[in-house]
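Model the following, please.
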Amino acid sequence: MNRPMAGRRCDTILARVPDPKPSRLPLLVALVTVSGACGLVYQIVWTRHFRLVFGASTAASAAVLAIFMGGLGLGGHLLGRRADRSPRPLVLYGNLELGAALLAGISPWLVDAVRWTYTVAGGQAELGAGVATLLRLLLSTLVLGPATILLGGTLPAIVRAAENEGDAARRRLGLLYGANTLGAVVGAGLATFVMIEVFGLRSSLWIAALLAALVGLTARARGRTDPAPAAAPSGVPAASEIPKTEDAASAAAPAAIVYGAACVTGFVFFAMEIVWYRMLGPLLGGSVYGFGLVLVLALVGIGVGARLYGRGAQARRPTARGFAFTCSLEALALGLPLLVGDDLVAVAYGARTWNLLGFDGLVAGWTLSAGFLVLPPALVAGYQFPLLVGLLGRGSQDVGRQVGSAYLWNTVGAIVGALVAGFGMLQLLGAVGLWRALVWILVLLAAIFAAVPLRPLRGAAGTAAVAVLAVTTTLARGPTAMWRHSPIGAGRVSFPSHDPASFERYARDVRREIVWEADGVEASFAVAARNGYAFIVTGKSDGNAKGDAPTVVMIGLLGALFHPEPQSALVVGLGTGTTAGWIADVPGMGRVDVVELEPRIADFARMCGAVNREVFDKANVEIHFGDAREYLSTVHRTYDVIVSEPSNPYRVGIASLFSQDFYRSVRERLDEDGVFVQWFQAYEVDARALRTAAATLRSVFDHVEIWTTREGDLALLAFPRPPAIDADAVARRLSEPVFAEGLRVSWGTRGLDGLVAGYLAGDATVRHLAQDAEDLIDTDDRPVLEFGFQRTLGAPYRVTSAEIRELALALGDDRPPWYAEDEPGLLWDARSVWAHGQLGRVNLPPTAPAWVKAQHRARDAAAAGQHAAAVDTWLSGQRPPRHPADLRMLARSAAKAGRPEAEAWIEELEPLFGTDARIASALLAASRSDTSAAAAELVRAFTSARTDPWFDSVSMEEAFALARRLGVEAKATARPLFESLEAPFAVHILEEARRGTRLALAAAADWPALCQEALAPFEPHAPWQANLLSMRVECYETNGARVLLERAEHDLETFLDQRPERVSDLMPEGSPPTAGSADLAGDPLGGRATDAAGPVDGPAE
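Alright, predicted model coming up:
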């Protein structure tokens, strides 16, 4: 394109301007790089410090972020003008760095003062959310305000020291801004992956402050030797004197519009950061490492983008339309992952296997997944900021003021973006909806700047084309539940085969299982219904209404059992509401306080009334929404029992609930006979993590015991002083309904022996684990447990209950000192019952009585499906069943084997487990070929299961199998059985199996008439299997359901295209099925992808 001669001449003159300070630039780049690293260390440490004071809630973190960013912006605005007036701006820069370093160095003591002030004021519990937020803002301002204002002034000062009249496009700003941001990358990476884990928070902060002070001293020394800024050589016009040609006029934009653009781009980028954190949580495991990696990648993109701008021609000024093009390009970069959608999950799954190379390989895999989302738009955003400043003027004239003002407006937009996105738009639009909206905002900004010259839009065709492509991406389906609610990042998914069909099957299964989802303030949430309601937090199941019942029921009851007169309890974490609901029914319990961070969890708990004893209807239960640490530090009451069951320690903000400092707060809120119960995961951990937990608790409490609630879950009981426990008193309490029922439905045991079956080790074992482990104690300043858990995330190893018990046995500490058996062998027998019910392992000692060994072998036989052998082996021990779990096992095995003992055992089972008794009656009738009686008992069982959540899943699966067989062999029974399965079971237990059984019964009874009703729960995400897809097409074709038929035919065609061609496909029509066509028959729901490496349900609540 031809350019006007006047504009070409001015650019040529400026290009020839000699640089009065050419040798200074490398030093300035080095200084600003180190400064950026120190600044990010400051930010990360300060955020963690204030999280420990104000809590881990988003509201508390947002207050700190607003002050930090606001201080930077205000400092840039105020001190930018000072930089323009300063004869030695490099000296000013050094002074600012020194002042900020000094304030950062003393900030830990200021944070301590803030903690005392906030605690005395009563926190959110006393002040309310609004006043507490204002107090957080005020206290954060007092600590962070001065330091961040000084830090905000460093960029304008150093840019003023570097710029000259020859840099018309202000490319040096890009070089320095990019170097500063790339330094921030180093700081964020070191703080996240090394410094905090090795040195702790305070030492990391002081190291950064010392480095920043060195930067300041270096800048001062160099600045004092430099001459004052030189004037332009004779004959060369100053930037202000360059005539405005037509091209020069089109190259700029009104300052108000430029500052508005800085505000909007800041808004978009920080809002998109919120979206990235939310969307990448499931792919990166939701750990601090994952969140730190997103920050690092965002900074890398910004730094590289700014450097790219800095490498452009100094004489070529940016234009408004050039900025418009960057906006459309950033919109396209943001939108492309929407176009890719769930396919990115396949990339994340493949990258997750890089953990074979160790933790470094795992991080590399995370980087690949996150980089696709973050790097491209961040790179464009990094290019934009210096471009915007370039639109405001030329060279060094007013550069400090303009950089500072642009920085201020960019920061204002960033603050508004973070707050509006985190507290409004995210909940209103959802993460994906907000993502699309941000693409549109950038497209509109591009349109505004494309039209700024107010003349025909010459040269805007490229911008328009890119903008159209960006808008197109927002029309794509985008990420679904398969991305948002899968534990891919935690390493909990394993595909049966690595092919498109397997991937599609898993995607459809996940989408179909999600019955509710929402974006909360703290995280994304969903409820899945496959085998009991499970609530999904950032992709990982954090609790299952039925599967976690042994833990969430018993963890509270254990604490209440060992307090002489429990009258008050505090539960940290609402979850399913089960712990609070059961402990509230303990006789004499007058008050139960529950602290829950996320209000959305209450929606899930309301769905679990069948297992939590309708906790929301209890007058003695009060739920407080807020941070547990803040609550404990500010509340002024004590409790008899405190139960802490948060999420996994590797999750962001959770590890502080496992620290020595938190336990000190707990001890202060316990009465002298109080009991503290801490849930602790035993999966994906090694012995070092167990030693850390033991040493940390033992450093605060005088007596600690290890119990197990189910395999993979530990309950650590801590007492302020060694407890004086009366065995007779405990036995009497176990006869009370809530304790007796809790033992029965959780562990299948009864009495004192059944309780002690969950005891693994006493205080002597805990002291042994904590021996020489002072360096392992987890503190707020050095959260070793958090980082240790993150490094073992998804690992296949665990600490088993049998291993802990064997250690305790070696130390003579495997049973409570207050417990004595009424008869030798009772405890080992109860341990065997517990192990079989919780999928654990128990090694009977050689000295165990013969009857104990016989009953143990009988349980093994029943688990292996050898029902007649199970009954015979049990009877050889000549003992009646003592525990409810044994009674249930014997009734089922005897019924399956058609043994006469079954009737008496079924009658005895009826008042304990009514649904299981009806299933056993059905099995017994079927063994006697009485199909009508069998079907009638199954109908009764299926009906009672709608309100009874405590039936045995193995028994119900036997019932499903029998129902399918009866439907084929006695067709008259198919229709009643089909109708009895119309409604879901309590808390949606075995939901997929119920639907599949109903589908089979529809085929047996009257497929054309019943098929649409049977298929409806599977739509539109039908299971990805040939037989079901074929049956689906036949159903809709027969019933004339045109719209459904089109979808069904498309799905079947896609499935067949994905499947490789087989020899069996070439068989003549009408030939009998072959082994190669086996996928066309059998269970229509079998063969889905599975969760691997331990319990998928994670923590207790």
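
Could you use CA atoms for every contact and neighbour count after this?
Will do.

ranges for the strands of the protein?
Taking DSSP state E as the criterion, the chain carries its strands at 514-519, 524-529, 533-537, 540-544, 568-572, 591-596, 621-625, 639-644, 670-681, 703-710, 713-719, 759-761.

Buried deepest among these, which one?
Each of the strands of the chain was scored by mean neighbour count; the highest is strand 533-537, a mean of 29, by mean count of other C-alpha atoms under 10 Å.

What strands line up against that strand, and which way round?
Strand 533-537 pairs in its sheet with strand 524-529 (antiparallel), strand 540-544 (antiparallel), by DSSP bridges.

and the ones you listed as JSON lines, adding mean pLDDT and distance to T696?
Formatted as JSON lines, those follow (pLDDT from 0 to 100; distance: least, C-alpha to C-alpha, whole Å):
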{"stretch": "strand 524-529", "mean pLDDT": "90", "distance to T696": "31"}
{"stretch": "strand 540-544", "mean pLDDT": "87", "distance to T696": "24"}
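
Tabulate the ones you listed (TSV), appending distance to A418.
Shown next, in TSV, are these (distance: least, C-alpha to C-alpha, whole Å):
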stretch	distance to A418
strand 524-529	16
strand 540-544	25
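
Out of the helices and strands in the protein, which is least certain?
In the chain, the helix or strand scored least confidently by mean pLDDT, DSSP states H and E is helix 246-251, which has a mean of 38.

pLDDT below threshold where in the stretch 951-1100 of the chain?
Where the stretch 951-1100 of the chain drops to pLDDT under 70, the residues are 1061-1100.

could you redo the last one with a cut-off of 80?
Residues of the stretch 951-1100 of the chain meeting the criterion pLDDT under 80: 1059-1100.

where exactly do the helices run in it?
For the stretch 951-1100 of the chain, the helices defined by DSSP state H, counting those that start in this stretch cover 953-969, 974-980, 991-1015, 1026-1039, 1042-1058.

Now do the same contact list for the closest residue in space to F960 that isn't next to it in sequence.
Spatially, and ignoring its direct neighbours in sequence, F960 is nearest to T997 (6.2 Å; C-alpha to C-alpha, 6 or more residues apart in numbering). For T997, the contact set (C-alpha atoms under 8 Å, 6 or more residues apart in numbering) comprises F960, A961, A963, R964.

Could you chop this structure up by domain?
For the chain, the structural domains run 22-228, 250-479, 537-810, 849-989, going by automatic domain parsing.

Next, format the ones you listed as JSON lines and append distance to D1006.
Output for these, formatted as JSON lines (distance: least, C-alpha to C-alpha, whole Å):
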{"stretch": "domain 22-228", "distance to D1006": "54"}
{"stretch": "domain 250-479", "distance to D1006": "37"}
{"stretch": "domain 537-810", "distance to D1006": "34"}
{"stretch": "domain 849-989", "distance to D1006": "8"}
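
how many neighbours does the residue nearest to P649 when sequence neighbours are not counted have?
Closest residue to P649 apart from its sequence neighbours, by C-alpha to C-alpha, 6+ apart: A655 at 4.4 Å. Here the number of neighbours of A655 (other C-alpha atoms under 10 Å) works out to 24.

is it true that A655 touches V784?
No: between A655 and V784 there is no contact under C-alpha atoms under 8 Å: 9.1 Å.

just to revisit the earlier point, distance of the residue nearest to F960 from L52?
Remark: distance between T997 and L52 (C-alpha to C-alpha, to the nearest Å) = 51 Å.

again with S746
35 Å.

Equivalent analysis for E903, please.
Here E903 is placed at a distance of 60 Å from L52 (C-alpha to C-alpha).

Between these two, which is the more surrounded one?
L52 (22 against 18).

right, and that one touches L657 too?
No: using C-alpha under 8 Å, L52 is not in contact with L657; the gap is 9.9 Å.

Quick one, which of the contacts of T997 are buried?
Among these, those classed as buried by 16 or more other C-alpha atoms under 10 Å are F960, A963, R964.

Kindly reformat those residues as a markdown table containing distance to S86.
Below are these laid out as a markdown table (distance: C-alpha to C-alpha, whole Å):
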| residue | distance to S86 |
| --- | --- |
| F960 | 83 |
| A963 | 88 |
| R964 | 87 |
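
Tell me the one among those residues nearest to I207.
Nearest to I207 among the buried ones among the contacts of T997, counting by C-alpha to C-alpha, is F960 at 64.3 Å.

Which residues are in contact with the closest one?
If a contact means C-alpha under 8 Å, 6+ apart, then F960 has A993, R994, T997 as its contacts.

go again using 10 Å as the cut-off
With contact taken as C-alpha atoms under 10 Å, 6 or more residues apart in numbering, F960 is in contact with I919, L938, F942, V954, L966, L977, A993, R994, G996, T997, R998.

who wins for neighbours among these?
Within the contacts of F960, I919 tops the neighbour count with 32 neighbours, counted by other C-alpha under 10 Å.

correct me, but it touches A941?
Yes: with contact defined as C-alpha atoms under 10 Å, I919 reaches A941; the gap is 6.0 Å.

Common neighbours of the two, please.
By C-alpha under 10 Å, 6+ apart, I919 and A941 have these common neighbours: A935, F951, M956, A959.

just those now: which is nearest G39?
Closest approach to G39 among the shared contacts of I919 and A941 (C-alpha to C-alpha): F951, at 57.3 Å.

How much space separates the closest one from K546?
Counting by C-alpha to C-alpha, the separation of F951 from K546 is 10 Å.

Overlap in contacts, the two.
The contact sets of F951 and K546 overlap at A986, I989 (C-alpha under 10 Å, 6+ apart).

More neighbours: which of these two?
Set F951 next to K546 and count neighbours by other C-alpha under 10 Å: K546 wins out with 26 against 23.

Report the contact partners of the more buried one.
Neighbouring residues of K546 by C-alpha under 10 Å, 6+ apart: 531-534, 552, 576, 608, 610-611, 746, 949-951, 953, 986-990.

Show me the shaky parts of the stretch 151-300 of the chain.
For the stretch 151-300 of the chain, applying pLDDT under 80 flags the ranges 162-174, 226-253, 285-288.

Contacts only, for Y819.
Counting by C-alpha under 10 Å, 6+ apart, Y819 touches I725, D726, A727, D728, V730, L752, D753, V756, L827.

Return the closest of those residues with respect to S524.
Using C-alpha to C-alpha, V756 is the member of the contacts of Y819 that lies nearest S524, at 38.8 Å.

ok, the residue lying closest to V215 once chain neighbours are set aside to G303 distance?
Nearest residue to V215, sequence neighbours excluded (C-alpha to C-alpha, 6+ apart): L31, at 5.9 Å. Per C-alpha to C-alpha, L31 is found 15 Å from G303.

quick one, which of the two is more surrounded?
Using other C-alpha under 10 Å, the more surrounded residue of L31 and G303 is G303, with 29 against 23.

so how far is G183 from the more buried one?
For G303, the distance to G183 equals 8 Å [C-alpha to C-alpha].

Can you pull the phi and psi angles for P783?
phi -80, psi 70 (degrees, to the nearest 10).

What's the local residue count around T181?
Residues within reach of T181, counting by other C-alpha under 10 Å, total 32.

Same question for W818.
If you count neighbours by other C-alpha under 10 Å, W818 ends up with 10.

Backbone dihedrals for it, please?
Phi and psi for W818, reported as degrees, to the nearest 10, are phi -90, psi -10.

in the stretch 551-700 of the chain, which spans are helices?
Secondary structure of the stretch 551-700 of the chain, counting by DSSP H, counting those that start in this stretch: helices at 578-584, 600-607, 609-612, 628-634, 660-668, 687-698.

will you turn the ones you listed into CSV that also has mean pLDDT, mean neighbour count and distance to Q838?
CSV is the format used below for the helices of the stretch 551-700 of the chain (pLDDT from 0 to 100; neighbours: other C-alpha atoms under 10 Å; distance: least, C-alpha to C-alpha, whole Å):
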stretch, mean pLDDT, mean neighbour count, distance to Q838
helix 578-584, 97, 29, 18
helix 600-607, 92, 19, 24
helix 609-612, 96, 22, 18
helix 628-634, 87, 23, 30
helix 660-668, 94, 20, 29
helix 687-698, 92, 22, 20
